[in-house]
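A.B. asks: sequence and predicted model, in that order:
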Amino acid sequence: MADSWVNSAERIGADLHVELAGSGSRRAALIRALRSAVQDGRLAPGTRLPPYRSLAADLGLARNTVADAYAELVAEGWLTARQGSGTRVAPRAEPVRPARVPKKVPRRAAAPAHNLMQGQPDAGSFPRGAWLSAARRALNAAPNEAFGPGDPQGRIELRRALAGYLARVRGVRTTPDRIVVCSGFAHALRLLYGGQVLRGPLAVESYGLGFHRSLLAAAGVRTVPVGLDEQGARVAELAERPELKGVRAVLLTPAHQFPTGG
């Protein structure tokens with residue numbers, strides 16, 4: 001029941017993969033295919049099958065052929081059928097267990113009462129209701145082309161909203177045409193340096209996120225360290241240290257400096 005919220009193993013629509021192979025009638029082939037799917041675990045106990053009309057249309061079969069196949073498997077005990085609940089895989093129809101017995105999984109240690117590790121936000125405070133309401137409004141108002149490939153820079157509506165947010169909250173004045181929406185900070189780094197939009201050398205914080213530096217190293221970018229103090233990176237060093245005179249850009253930790261928090 002722990003994974004029932006996903007709904008993928010509980011119900012299937014037209015995406016039921018069935019291969020009608022072998023000799024004999026189409027009805028017999030369908031019975032074999034469904035029985036095999038139950039036996040090897042592809043159709044888990046409790047999974048609801050598509051209505052026979054839908055499956056018949058998808059497979060190009062007569063409705064009576066699929067209805068008879070369902071009825072046969074119900075009679076054999078592979079499926080169950082109940083008014084209002086549809087046709088489901090019978091609870092006792094379990095998949096064949098592997099021949100080799102897996103090793104015992106080591107017991108996990110009890111979770112600490114207070115986890116102070118970075119990257120562990122309070123997931124319980126996520127605004128589910130507001131997020132769902134906003135998602136519904138956006139889906140209802142979105143034009144048809146919003147569900148296609150779209151602009152590589154990102155939707156213009158999002159870039160307009162970001163331009164206003166950056167000016168209001170971050171003090172950055174920009175226009176939507178100068179914003180590129182990325183899937184994350186690492187994606188942005190790959191675009192900038194993997195695509196050679198910017199070239200090294202690049203100043204980086206003496207202590208920062210290691211995977212950022214590894215991405216730059218993979219792109220062949222030379223990095224030069226910048227010192228830190230209680231307020232984060234000491235950007236004044238860019239004008240003071242000779243080895244930093246030729247840098248084209250500075251890589252700072254998004255939000256608060258990692259790991260000092262400055």
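C.D. replies: It's in.
A.B. asks: what's around the closest residue to residue 51 other than its chain neighbours, how many residues?
C.D. replies: Distances taken as Cβ to Cβ, 6 or more residues apart in numbering place residue 86 nearest to residue 51, at 7.0 Å, with adjacent residues excluded. C-beta here means a position set from N, CA and C on the backbone, and glycine is covered the same way. Applying other Cβ atoms under 10 Å, we find 14 residues neighbouring residue 86.
A.B. asks: now do residue 213
C.D. replies: 18.
A.B. asks: you'd agree it is up against residue 223?
C.D. replies: Yes: between residue 213 and residue 223 there is a contact at 6.1 Å, judged by Cβ atoms under 8 Å.
A.B. asks: mutual contacts of the two, please.
C.D. replies: Shared contacts of residue 213 and residue 223, defined by Cβ atoms under 8 Å, 6 or more residues apart in numbering, comprise residue 204.
A.B. asks: give me the pLDDT for residue 160.
C.D. replies: At residue 160, the pLDDT value in this model is 95.
A.B. asks: list the contacts of it.
C.D. replies: residue 176 are the contacts of residue 160 under Cβ under 8 Å, 6+ apart.
A.B. asks: may I have the phi/psi pair for it?
C.D. replies: Taking degrees, to the nearest 10, you get phi -60, psi -40 for the backbone angles of residue 160.
A.B. asks: so which residues make contact with stretch 62-71?
C.D. replies: Residues from elsewhere that reach stretch 62-71, judged by Cβ under 8 Å, 6+ apart: 26-27, 30-31, 34, 49, 52-53, 55-56, 59, 79, 81, 87.
A.B. asks: oh sorry, the question was meant for stretch 200-218
C.D. replies: Taking Cβ under 8 Å, 6+ apart as the rule, stretch 200-218 contacts 185-186, 189-190, 193, 220-228, 232-233, 238, 244, 246-253, 257-260.
A.B. asks: recalculate using a threshold of 6 Å.
C.D. replies: Where contact means Cβ atoms under 6 Å, 6 or more residues apart in numbering, the residues beyond stretch 200-218 that reach it are 189, 221-228, 233, 244, 247, 249-251, 253, 258.
A.B. asks: among those residues, name the ones in helices.
C.D. replies: Of these, the ones assigned to helices by DSSP state H are residue 189.
A.B. asks: drop anything exposed from the contacts of stretch 200-218.
C.D. replies: 189, 221, 223-226, 228, 233, 244, 247, 250-251, 253, 258 (16 or more other Cβ atoms under 10 Å).
A.B. asks: got a markdown table for those, with distance to residue 167 and pLDDT too?
C.D. replies: Listed next are the buried ones among the contacts of stretch 200-218 as a markdown table, based on distance: Cβ to Cβ, whole Å; pLDDT from 0 to 100:
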| residue | distance to residue 167 | pLDDT |
| --- | --- | --- |
| 189 | 24 | 86 |
| 221 | 30 | 84 |
| 223 | 31 | 85 |
| 224 | 31 | 86 |
| 225 | 32 | 87 |
| 226 | 27 | 88 |
| 228 | 28 | 87 |
| 233 | 23 | 84 |
| 244 | 29 | 82 |
| 247 | 27 | 84 |
| 250 | 22 | 86 |
| 251 | 23 | 85 |
| 253 | 22 | 78 |
| 258 | 26 | 77 |
